[in-house]
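1. A predicted structure for the sequence below; I have some questions about it.
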Amino acid sequence: MVPHEIEQLLEKYDNAQTSTQEEQQLRDYFTNPDNHRDGFAQHLEPYRAMFGYFTNAKQETFTKALPVQVPKRSYVYQWIGAAAVVAIMFGIFFQFGNPGPKTLDSLTAEEQLVYYQTREALGLLSTKFNQSASNVTALNMVGNHLDKGMEKAKYINEFSKATNKILKQPKN
């Protein structure tokens, strides 16, 4: 093959426009010792090394044995499942073994006193919570009105900019 044709093929190769037959021609040219008895042009030497590498790389094989390690099986999830089943069984057993809720009349005087004090404390807590909730509602209303006011202030700012442009006054 003429060196001028090789240079044209290399230019096409560099632009990724070669066909597989043209690439085979280049590979044959650079790897066949009969084609370069007189030597390559200086600027073609990198291509000789590149196509030589491609040819050698096709023939390489990996022959080393790879050790296969089987991961150890973890039984943690099976133990968690077994523990969950045991916990459910205890829950069912103790639920049916429980005689049921007590009535207010069956409580002792001390238990009734504790019951009424707890009921009074929870009632007070509920009252204070409801008062706080109404205060939060009032704060939300104030916040909403402030947001609406800020939106209207934007209109005033835009009006001021337009007026300054019309009157050609400098910005503040």
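-> Good, I have the coordinates.

2. Pull out the C-alpha coordinates of the helix or strand bottoming out on mean pLDDT in the chain and format them as CSV.
-> In the chain, no helix or strand scores lower on mean pLDDT, DSSP states H and E than helix 45-59, which sits at a mean of 78. Provided in CSV are the C-alpha atoms of helix 45-59 (Å, rounded to 0.1, in the frame of the first residue of the first chain):
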residue,chain,number,x,y,z
GLU,A,45,5.7,5.2,14.3
PRO,A,46,3.1,5.8,17.0
TYR,A,47,0.5,4.1,14.8
ARG,A,48,2.8,1.0,14.4
ALA,A,49,3.0,0.7,18.2
MET,A,50,-0.8,1.2,18.6
PHE,A,51,-1.9,-1.4,16.0
GLY,A,52,0.8,-3.8,17.3
TYR,A,53,-0.7,-3.5,20.7
PHE,A,54,-4.2,-4.1,19.4
THR,A,55,-3.0,-7.3,17.7
ASN,A,56,-1.2,-8.6,20.8
ALA,A,57,-4.2,-7.7,23.1
LYS,A,58,-6.5,-9.9,21.0
GLN,A,59,-4.3,-12.9,21.7
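
3. Output the below-cut-off pLDDT ranges for this structure.
-> Within the chain, the segments meeting pLDDT under 70 span 1, 33-41, 96-101, 169-172.

4. can you list the domain ranges for it.
-> Under the assignment automatic domain parsing, the domains of the chain span 3-59, 104-167.

5. rewinding a little: so how far is the least confident helix or strand of the chain from its chain's centroid?
-> Offset of helix 45-59 from its chain centre (CA atoms, centre = their mean, to the nearest Å): 42 Å.

6. Tell me the helix or strand right after it.
-> As assigned by DSSP states H and E, the chain's next helix or strand after helix 45-59 is helix 76-97.

7. tell me what that next one is packed against?
-> Here helix 76-97 touches no other helix or strand, going by 3 or more CB pairs under 8 Å, 6 or more residues apart in numbering; DSSP states H and E. Every C-beta, even on glycine, is put in place using the N, C-alpha and C of the backbone.
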